[in-house]
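Peer 1: Sharing a model that was predicted from the sequence below.
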Amino acid sequence: MGFELDVDATRWRHGLTAKVESTTGLVPVIKGNGYGLGRDLLAAEAGRLGLDTIAVGTYSEVPGALAAFTGDVMVLTPWRPFFSDAVLDDRVIHTLGRVDDIAALAAAAPGARILLEGETSMARHGLDRHELAAAVAALGDLTVEGFAIHLPMQGSNFAEAQSWAAALEASQVEATTLYVSHLTPAELTALRTHRPQLEIRPRIGTSLWLGDLGALSVRATVIDSHLVARGEHIGYRQKPMPRDGTLLVISGGTSHGIGLEAPKATSGVVQRGKSLAKGGLEAAGFSLSPFTIDGKQRWFAEPPHMQASMIFLPASATAPEVGDSVDVAVRFTTATFDAVNLR
Ligand SMILES: *Cc1c(COP(=O)(O)O)cnc(C)c1O
């Protein structure tokens, strides 16, 4: 009973099914902390949804994905000759974004299944469009399964998708599948209309797994509580308490992804301004926590510990009991829960 995620399974799965049914060719992205839900759970869901391919972030995530999912596993990080954990398997689809690497993989693993990636304005990975001819020349016996682009979340990403689609069709690259990210449903439709010869496959994580936040609720548990007096020193840093109140020890610390800064959505300027007006605790070096107790976002008594946070609650507020759950705002892509409960 600690820092837990409760999933309304019926509601969440309803959202997943709706998204998959409305998104032709969807490839679910299952990487990192599994968007807070865990990669194994998401891989099992991808199987339940009948999807043929999943995308993982790194090679270290491949073995688990191969074990948890029976279809193909695409790796978003481009293969590099110096990766010691690269998994060569018939179900693995590698990404290549440097001409030298294409030649190196062709030599190391002829027949391997690959995607070529184009460099977008993201400027993270990928081939420059002037390198496509050299890329094709280096392919050897590699099996090209498609072309991929990773688009920024804002700006003119649709124009960029259009121009890459055009570049792909004009090139010698024998790929008719284009993997994209961060396009709206309307943009996907428009791209298909403009490029009917291409199969457009969106790679989606956040808006699939976290598309219905109402199906997810995070609970932190009060695991201890102490009355404190103004001026009393507490914690690793022996900081004096600003007023009389209660010191709550709540499950959820740095190991769960609780940082000193509450997620931006809950520590907006207005909220912060209000809190400041209430007691000037920020000026006194306190930080607003992501925990909401008795209707208000509360202050850390000191920086979060590994497994728990110490929260100051003024005497004017109603303190929860030990064992009670409290609300906490999390950033799902950095959260790790003690348990994920499908109910
Ligand atoms: C993470 C990632 C995605 C999915 O991003 P979301 O914002 O979670 O949908 C798609 N493509 C690539 C290359 C990625 O790294």
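Peer 2: That came through fine. Remember, predicted model here, so these are calculated numbers, not experimental data.

Peer 1: Stretch 91-109 - what's its average pLDDT?
Peer 2: Throughout stretch 91-109, pLDDT has a mean value of 98.

Peer 1: for the top strand by length along the chain, which positions count as buried?
Peer 2: Longest among the strand segments of the chain by residue count, using DSSP state E, is strand 216-228. When burial is assessed from 16 or more other CB atoms under 10 Å, strand 216-228 yields the following buried residues: 216-223, 225, 228. Every residue, glycine included, has its C-beta placed from N, CA and C.

Peer 1: C-terminal to it, what's the next element?
Peer 2: Beyond strand 216-228 on the C-terminal side, the first helix or strand identified by DSSP states H and E is strand 233-234.

Peer 1: Quickly run through the sheet partners of that following strand, with directions.
Peer 2: Sheet neighbours of strand 233-234, with direction, are listed as strand 239-240 (antiparallel) (DSSP bridges).

Peer 1: What are the contacting residues of the partner strand?
Peer 2: 230-233, 285, 301-302 (CB atoms under 8 Å, 6 or more residues apart in numbering).

Peer 1: Most neighbours of all the residues you listed, which one?
Peer 2: When neighbours are taken as other CB atoms under 10 Å, the top entry among the contacts of strand 239-240 is Ala301 (25 neighbours).

Peer 1: quick one: that one and the ligand, what's the gap?
Peer 2: Counting by CB to the nearest ligand atom, to the nearest Å, the gap between Ala301 and the ligand amounts to 34 Å.

Peer 1: ok now do that residue, which residues does it touch?
Peer 2: 234-235, 239, 241, 247, 286, 310-312.

Peer 1: Selection in PyMOL covering whichever of those residues are buried, please.
Peer 2: Applying 16+ other CB under 10 Å to the contacts of Ala301, the buried members can be selected in PyMOL as follows:
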select buried, resi 234+239+241+247+286+310+311+312
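
Peer 1: Please name the nearest non-neighbouring residue to the residue in the chain that the ligand sits nearest to.
Peer 2: Of all residues in the chain, the one sitting closest to the ligand is Gly205 (2.7 Å; CB to the nearest ligand atom). Closest residue to Gly205 in three dimensions, ignoring its sequence neighbours and counting by CB to CB, 6 or more residues apart in numbering: Val29, at 3.5 Å.

Peer 1: Tell me what that neighbour is bridged to.
Peer 2: Under the criterion DSSP bridges, Val29 forms beta bridges with Ala55.

Peer 1: Surely it touches Val75?
Peer 2: No. With contacts counted by CB atoms under 8 Å, Val29 stays clear of Val75, the gap being 11.2 Å.

Peer 1: what's the overlap in contacts for those two?
Peer 2: Counting by CB under 8 Å, 6+ apart, the common neighbours of Val29 and Val75 are 55-57.

Peer 1: Next, see if the host helix or strand of Glu187 gets close to the ligand.
Peer 2: Taking DSSP H and E as the criterion, the element that holds Glu187 is helix 185-194. No. Figure legend: helix 185-194 not in contact with the ligand (CB under 6 Å from any ligand atom); closest approach 13.2 Å.
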